[in-house]
Each structure stands twice: as structure tokens, then as C-alpha cells.
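[1] Provided below are the primary sequence and the corresponding predicted coordinates.
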Amino acid sequence: RVRQNIVQPRVEDVPGTIRRLIRESRLAERVPAGGTIAVGVGSRGIKNMTVMVRTTIDTLKEMGYKPFIVAAMGSHGGATPEGQRELLAGYDVTAEKMGVPVKTDMETVVLGTNPVGLPIYFDRNAHGADGILLLNRVKPHSDFHATYESGIVKMLTIGLGKRDGATQVHKLGLRGLKEVLPAVGRFLLANTKFALGLAVLENGRDETAEIVALEPENLFDQEPGLLEKARSL
């Protein structure tokens, strides 16, 4: 007989951890007082997602900001505003439950050109905000293996790229996911108002194992280590 012992860390106080990480971050240095903050939420079934999003919204309000939620899920939900709104509602992420507008329209702006000469698309609502905060799980992707898989970088590039941006990366296949995705991510880091990422790791029981605040300047350095940690869990 074989017994397998896997360390299964768990965050006991999810709301308290989210609140502390936001308040201890440098978000206030990047977003002007009273400014608007687009909170990107995706289509993945993350444990405790409802409470995480609500706590994020409440904390930003307590700090004097005007947050709103944007769908950051690329072309999921049939690549329609209605489909993406329905996906978010399945996690109780609605205007009624969150107390802020939930924007799922698909309009984008073109901010530049990617390494293979294609346009870089970005969510119009997020681009117009004074700051952007992304909440996403970091985990191995089911379709490819790379330095950056599912996480904050992917949400920034594909999630907020909406239908147009997701199509640009995906149609390039593995090259798009392994090479173009991080290159576009670095471009967006320098050309958008991304202010903070909340990276969520889950353990083998699909419980919240760790939540890490990723500042813009350390996003690309820290996320690969979190991906390997998530893989080990």
C-alpha cells in the first residue's frame, strides 16, 4: 500500500486577507484619490470568488475609490455581452450583489502592435478607468505548458483583450500562447493603468491555499514561481 501526503495549506480568513493585501499594496500610489478602478473578473470557477470580489469592491470603496467590474474573460460566454454577464451572474457577481456596475460590453481600443504585426486590443471600459485591478487564479493551463499559463498575465492580455484580443493570440496556436502572450503582457503593463493583481492559488482540495498581491513591477518575476507552486499543490 502507498500513502501520499501532500501539504494542503488553506487561507482561513479570505476577506481579511484580501482587505489587508489591497491596503498594504502600492495601489494608492498609482491611482489618484477618488478615481475609478476597473476590477477584472473572469469566467473560471474560483473557490470563494464571490466573497473575494465583494471584499475587493468594498475595500476599494472604503479607500475612497469608485470601483466597477469588467468581464475579463476574452471570448468566453459566446463572446457576447449577454453571455459574459450570465457567466458572472453564475458566481453571484451582479450589480445587485456587488453594489457596483458590471460592464460586459465587448468594445475594445487598439493600443499597439504585437510582435507578429497584429493589433493589440484592450477593453475600452478598463482602458478608460484611472486604475485596473485583476483578480484571477494562477494555475497550470490544460492545453499548454509555458512560463506564464493561467494567471494575471493571461487575464491582462487575453481576458481584457475581449473577443478581438483572444482571437489574435489563439489563432497563432502555441506560439501565440508561449511567445506573443508575454510580449503583449509587457506592452500592456507599460501602456495601461494596471495597478494591482490578486493572484489566487488553490490546493488539491480546490480550497483557497494562498492569495498574493502582484505589483506591476514584479508581476512578470513573481507569477512563474506562483505557477510552479500551484502545480506542486
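    Perfect, I can see it now. In this text the structure is predicted, and so the values were computed from the model without any measurement.

[2] so what's the closest residue in space to Pro101 that isn't next to it in sequence bridging to?
    Leaving aside its sequence neighbours, Pro101 sits nearest to Phe68 (Cβ to Cβ, 6 or more residues apart in numbering; 4.4 Å). C-beta coordinates here come from the backbone N, C-alpha and C atoms, glycine included. According to DSSP bridges, the partner residues bridging Phe68 are Ala38.

[3] enumerate every residue touching Phe68.
    Thr36, Ile37, Ala38, Val39, Val100, Pro101, Val102, Lys103, Asn125, Ala129 (Cβ atoms under 8 Å, 6 or more residues apart in numbering).

[4] quick one: low-confidence parts of this protein?
    Residues of the chain meeting the criterion pLDDT under 70: 174-176.

[5] now the helices for this protein?
    Taking DSSP state H to define them, one finds helices in the chain at 14-24, 27-30, 49-62, 81-89, 95-98, 124-127, 152-154, 162-170, 173-175, 181-191, 219-232.

[6] now those as JSON lines including distance to Ser75 and mean neighbour count?
    Formatted as JSON lines, those follow (distance: least, Cβ to Cβ, whole Å; neighbours: other Cβ atoms under 10 Å):
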{"stretch": "helix 14-24", "distance to Ser75": "28", "mean neighbour count": "17"}
{"stretch": "helix 27-30", "distance to Ser75": "29", "mean neighbour count": "16"}
{"stretch": "helix 49-62", "distance to Ser75": "20", "mean neighbour count": "19"}
{"stretch": "helix 81-89", "distance to Ser75": "9", "mean neighbour count": "18"}
{"stretch": "helix 95-98", "distance to Ser75": "23", "mean neighbour count": "15"}
{"stretch": "helix 124-127", "distance to Ser75": "16", "mean neighbour count": "22"}
{"stretch": "helix 152-154", "distance to Ser75": "13", "mean neighbour count": "28"}
{"stretch": "helix 162-170", "distance to Ser75": "4", "mean neighbour count": "22"}
{"stretch": "helix 173-175", "distance to Ser75": "16", "mean neighbour count": "11"}
{"stretch": "helix 181-191", "distance to Ser75": "15", "mean neighbour count": "18"}
{"stretch": "helix 219-232", "distance to Ser75": "22", "mean neighbour count": "17"}
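
[7] nearest to Phe144, of the ones you listed?
    helix 173-175 (5.8 Å; Cβ to Cβ).

[8] rewinding a little: quick one, which of the contacts of Phe68 are buried?
    Buried members of the contacts of Phe68, counted by 16 or more other Cβ atoms under 10 Å: Thr36, Ile37, Ala38, Val39, Val100, Val102, Lys103, Asn125, Ala129.

[9] and the residue lying closest to Val153 once chain neighbours are set aside, how far from Gly159?
    Spatial nearest neighbour of Val153, excluding adjacent residues (Cβ to Cβ, 6+ apart): Gly185 at 4.4 Å. Separation of Gly185 from Gly159 (Cβ to Cβ, to the nearest Å): 11 Å.
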